[in-house]
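Following is a predicted model, sequence given first.
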Amino acid sequence: MPDIACVNGRFGSLSDAVINVEDRGFQFGDGVYEVIRTYRGQPFSIKAHLTRLERSAQALQLPLGHEPAQWTSLIDEGLRLSRFPETKIYLQITRGQAPRDHPFPLDLAPTTILTFRELRPLEASVRDAGVKAVTIEDIRWGRCDIKSVNLLANVLARQRAKEAGAFEAILIRGGMVTEGSVSNVVVVRNGAIQTAPEGNKILSGVTRAIVLELARNEGLPVSEDFVSREDLLTASEVFLTGTTVEVLSVVEVDGRAIGDGRPGPMSRLLSARWSALIA
Ligand code: PDD
């Protein structure tokens, strides 16, 4: 099956999909997005993703392009056409096309895009061994809660992580951990789970919310408070949450082993609970 795209409601193959060069998404990064994945062929937590898309769009005075029910039926149609075992669904809304000028016309028709590509899960051996991370200064703007397509700081951070042989870049602002370049970061300290609070310094991860709920259901203490870089490095466990990473143990940060250098019990427990949830 070919990869599928849907541009402004029209489906076709991804390789044929085109955007006008004066699209503000292309010229200014003036747009928002979501990444949704399927489990057993069904889009996961679609409502939470569409709610966040709506919130991101509202924060930028962007029209949503389609009503939530239309987004859902476009997703269903794309999945019907692409028929991958599991799919990574990408949604994007940009402000639309206009002669390049920073202020935007208020009556622009937004550009809407969906793409459907095969999702290849992380290899089990990587998941079982855990991954390395490096810390990098968080140089992003002040509204990280908006899932904007302006991802340059995230792109540079992840590239630096890759060049350092690490899987993820853990972002540090004012000495405190905010999140990863593509994930939320959770630590375990003194038997309790700790992660940065929701607000404008992080993206409110759909996976983060579910995993914190799973932890509370297990009776694990959860605190939503910033963790310092020092506390990250001396944590007994560190793990990432996100649509693409699910619950993924970090076993080394900046060359220092976390705990005994293997995925710890709480990460393994929550990862097992996650697997049960999506089975
Ligand atoms: N990223 N933080 C950041 C900066 C992210 O980019 C993401 C997800 C998350 C996790 O959010 P969620 O659990 O809702 O997927 C946290 C997507 C997958 C991406 O940009 O590819």
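On my side now, so go ahead.

Next, find the distance separating residue 11 from the ligand.
22 Å (CB to the nearest ligand atom, to the nearest Å). For every residue, glycine as well, the C-beta is placed using N, CA and C.

Please apply the same query to residue 210.
8 Å.

did I read that right, that residue in a helix?
Yes. Assessed by DSSP: H, G, I helix; E, B strand; the rest coil, residue 210 belongs to a helix.

can you count the residues close to the closest residue in space to residue 256 that isn't next to it in sequence?
Closest residue to residue 256 apart from its sequence neighbours, by CB to CB, 6 or more residues apart in numbering: residue 233 at 5.5 Å. Neighbours of residue 233 under the rule other CB atoms under 10 Å: 16.

Give me the distance between residue 204 and the ligand.
8 Å.

got it, and residue 84?
From residue 84 over to the ligand (counting by CB to the nearest ligand atom), the distance is 17 Å.

Now do that residue: how many residues are near it, please.
Residues near residue 84, counting by other CB under 10 Å, number 17.

Now do the contacts for it.
The contact partners of residue 84, taken as CB atoms under 8 Å, 6 or more residues apart in numbering, are 1, 116-119.

can we see that at 10 Å?
1, 3-4, 38, 41, 116-120 (CB atoms under 10 Å, 6 or more residues apart in numbering).

Please flag which of those residues sit within strands.
Assigned to strands by DSSP state E, the following of the contacts of residue 84 qualify: 4, 38, 116-118.

of these, closest to residue 133?
Nearest to residue 133 among the ones in strands among the contacts of residue 84 is residue 117, at 25.4 Å by CB to CB.

Show the pLDDT at that closest one.
Looking at residue 117, its pLDDT is 97.

Check residue 1 too.
pLDDT at residue 1 comes out at 62.

related to what we said a few turns ago, how close does the residue nearest to residue 256 get to residue 211?
22 Å (CB to CB, to the nearest Å).

OK, contacts around the residue of the chain most remote from its centre?
For the chain, the largest distance from the centre (CA atoms, centre = their mean) belongs to residue 99, which lies 31.1 Å off. By CB under 10 Å, 6+ apart, residue 99 lies in contact with 22, 27, 105.

Got a PyMOL select line for the buried ones in those residues?
A single PyMOL command selects the buried members of these (16 or more other CB atoms under 10 Å):
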select buried, resi 27
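
returning to that earlier point: go through the contacts of residue 84 and name the one nearest residue 179.
residue 119 (21.8 Å).

related to what we said a few turns ago, distance check, the residue nearest to residue 256 against the ligand.
Distance, residue 233 to the ligand, using CB to the nearest ligand atom: 21 Å.

got it, and residue 213?
To the ligand, residue 213 is 13 Å away according to CB to the nearest ligand atom.

In three-state terms, label that residue for me.
Going by three-state DSSP: residue 213 is helix.

quick one: pLDDT of it?
98.

Then the one 5 residues further on?
Reading off the per-residue confidence, residue 218 sits at a pLDDT of 97.

Return the nearest residue of the stretch 1-150 of the chain with respect to the ligand.
At 3.9 Å from the ligand, residue 35 is the closest residue in the stretch 1-150 of the chain, using CB to the nearest ligand atom.
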